[in-house]
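Novice: Got a predicted model here, sequence first, then my questions.
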Amino acid sequence: MTFKTMLAPVMTAALALATPLAAQETEAPQQGETQQSEAPAQQSEAPQITAESLSEEQLDAFVEALVAIEAVRADYLPRIQQQESEAEQKAVIEEANVAAIEAVEGVDNMTPEQYMAIGKVAQQDEELNARILAKLEEAQNES
């Protein structure tokens, strides 16, 4: 399996696991008027990341988070598939989402918001994607 073909499913899984975080951020302001007035401030907190603005340290942290999320996915996917009901699957998926967010938060110099932003940029920028793949390959060779 090439790294390019491997990164797409890993990114998809990682972004899917992190989606509830984004949903929580967009749903929270709707719960009350006070929170609605805070919504513009929350939106401005989302990191504005471009491929050119990323440091090597940020890319290293992103790859470390990517590897951590892949470990969460590998751990939880069989558990999700073993559940008999949709409700049980949803419960395990929620647990996996929390574990994925915690995995990203456990990486120095990386937040879930930064992770999502870098992932989105990497999907659009082939050069950045290549840099990430090179770092991912390097990380896998070290382990």
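Specialist: Arrived safely. Here the structure is a predicted model, which is why all the values come from computation and not from measurement. Numbers count the residues shown, from 1 in each chain.
Novice: In this structure, what helix or strand scores lowest on average pLDDT?
Specialist: The least trusted helix or strand in the chain, going by mean pLDDT, DSSP states H and E, turns out to be helix 33-45, with a mean of 43.
Novice: which of the residues in the helix or strand just after that one are buried?
Specialist: Counting by DSSP states H and E, the next helix or strand C-terminal to helix 33-45 is helix 56-82. Residues 58-70, 72-73, 76, 80 are the ones in helix 56-82 that count as buried (16 or more other C-beta atoms under 10 Å). For every residue, glycine as well, the C-beta is placed using N, CA and C.
Novice: What of stretch 94-105?
Specialist: Across stretch 94-105, burial judged by 16+ other C-beta under 10 Å covers 96-97, 99-101, 103-104.
Novice: What's the mean pLDDT across it?
Specialist: Average pLDDT, stretch 94-105: 96.
Novice: Convert it to PDB, retaining C-alpha atoms only.
Specialist: What follows is stretch 94-105, C-alpha atoms only, in PDB (Å, rounded to 0.1, in the frame of the first residue of the first chain):
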ATOM      1  CA  GLU A  94     -18.900   8.700  20.600                       C
ATOM      2  CA  GLU A  95     -16.300   7.000  22.900                       C
ATOM      3  CA  ALA A  96     -13.900   6.800  19.900                       C
ATOM      4  CA  ASN A  97     -14.500  10.500  19.100                       C
ATOM      5  CA  VAL A  98     -13.500  11.400  22.600                       C
ATOM      6  CA  ALA A  99     -10.400   9.200  22.400                       C
ATOM      7  CA  ALA A 100      -9.400  10.800  19.100                       C
ATOM      8  CA  ILE A 101      -9.800  14.300  20.500                       C
ATOM      9  CA  GLU A 102      -7.800  13.300  23.500                       C
ATOM     10  CA  ALA A 103      -5.100  11.800  21.300                       C
ATOM     11  CA  VAL A 104      -4.700  15.100  19.400                       C
ATOM     12  CA  GLU A 105      -4.700  17.100  22.600                       C
END
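Novice: Which helix or which strand is home to Val92?
Specialist: Going by DSSP H and E, Val92 is in helix 86-105.
Novice: and the angle from that helix to helix 56-82?
Specialist: Going by axes from the mean of the first three to the mean of the last three C-alpha atoms, to 10 degrees, helix 86-105 is angled at 160 degrees with respect to helix 56-82.
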